[in-house]
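Novice: Pasting the sequence and the predicted model now:
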Amino acid sequence: VNALKPGESIGLDNGETLTVTASDAAGSSIRIDNPGLHLIDRTRTTGARAAAGAPCALALNAHGIENIAYRDTGNHLDEIWSDPRGQGTTDLTANAGAPSAQGNPHTYVDPSGNQVVLIFRGADNHVRSLYWMFGAVGQDNLGGSINAPRAAGNPAGWLAAHDGVPHVTYRGGNGHLHEI
């Protein structure tokens, strides 16, 4: 890359093009163009409702499943999914009979239950979860079930590597980080 000057490009063996966009004493800035990249309007192609916030996504490679979850403009949590049979959309909030959501959800896979878990802040500011694999969607009021402080931000969930126990961290109204 150091032999190239700003504006110069080189083709790579994999079909990508590397272009030097700037260069100074600290190094070079490059852009890599991949002709295999393309844009897909998932909302349009699936007939999904418009998003009101940032999406989260995951892939279950063993099942050939890709999931995009988001809060729609009606404050429902929706998923856009694709699997070997096709693609579609699901109103997860309606499917679970769950309350409306605020903010952006967070997703992870719980392999012990073979489930997708979607963590979110409900309209009541309780930290909640939706979970499913195929079919029906379940729900839990994680914060309300243990009388935890109400959330003031987007929660995040994960599985602890050492024991596989699920954890959820969120910001409370007092600015403290809490973990369920």
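Specialist: Cool, got the structure.

Novice: The nearest residue to Pro155 once chain neighbours are set aside: neighbour count?
Specialist: Nearest residue to Pro155 in three dimensions, chain neighbours excluded: Tyr170, at 3.8 Å (C-beta to C-beta, 6 or more residues apart in numbering). Any C-beta I mention is one placed from the backbone N, CA and C, and that applies to glycine too. Tyr170 has 27 neighbouring residues, counting by other C-beta atoms under 10 Å.

Novice: what do you get for Thr17?
Specialist: Per other C-beta under 10 Å, the neighbour tally for Thr17 reads 13.

Novice: The one 5 residues further on now?
Specialist: Ala22 is surrounded by 11 other residues when neighbours are defined as other C-beta under 10 Å.

Novice: my guess is it contacts Gly7, does it?
Specialist: No - between Ala22 and Gly7 there is no contact under C-beta atoms under 8 Å: 9.4 Å.

Novice: Need phi/psi at Gly135.
Specialist: Dihedral pair for Gly135: phi 90, psi -130, per degrees, to the nearest 10.

Novice: what touches both of Ala22 and Gly7?
Specialist: Here Ala22 and Gly7 share no contacting residue, scored by C-beta atoms under 8 Å, 6 or more residues apart in numbering.

Novice: which other residues reach the strand ranked longest in the chain?
Specialist: In the chain, with assignment by DSSP state E, the single longest strand is strand 101-110. Applying C-beta under 8 Å, 6+ apart, the contact partners of strand 101-110 are 53-58, 60, 67, 69-71, 75-77, 93, 115-123, 125, 128, 131, 153-159, 166.

Novice: Now a PyMOL select for only the buried ones of those residues.
Specialist: Buried residues within the contacts of strand 101-110, by 16 or more other C-beta atoms under 10 Å, are selected in PyMOL with:
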select buried, resi 53+55+56+58+60+67+69+70+71+75+76+77+93+115+116+117+118+119+120+121+122+125+128+131+153+154+155+156+157+159+166
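
Novice: Go through the contacts of strand 101-110 and flag which are in helices.
Specialist: Thr93 (DSSP state H).

Novice: Would you quantify the distance from the residue positioned nearest the centre of the chain to Asp124?
Specialist: Closest residue to the average C-alpha location of the chain: Cys56 at 1.3 Å, with C-alpha atoms, centre = their mean. As for Cys56, its distance to Asp124 is 21 Å (criterion: C-beta to C-beta, to the nearest Å).

Novice: Below-threshold pLDDT in the protein: ranges please.
Specialist: Low-confidence segments of the chain, defined by pLDDT under 70: 1-3, 23-32, 35-38.

Novice: can you pull out the strands in the protein?
Specialist: Assigned by DSSP E, the strands in the chain fall at 9-11, 17-24, 27-33, 56-60, 65-71, 77-83, 86-91, 101-110, 115-122, 127-132, 138-140, 156-159, 166-171, 177-179.
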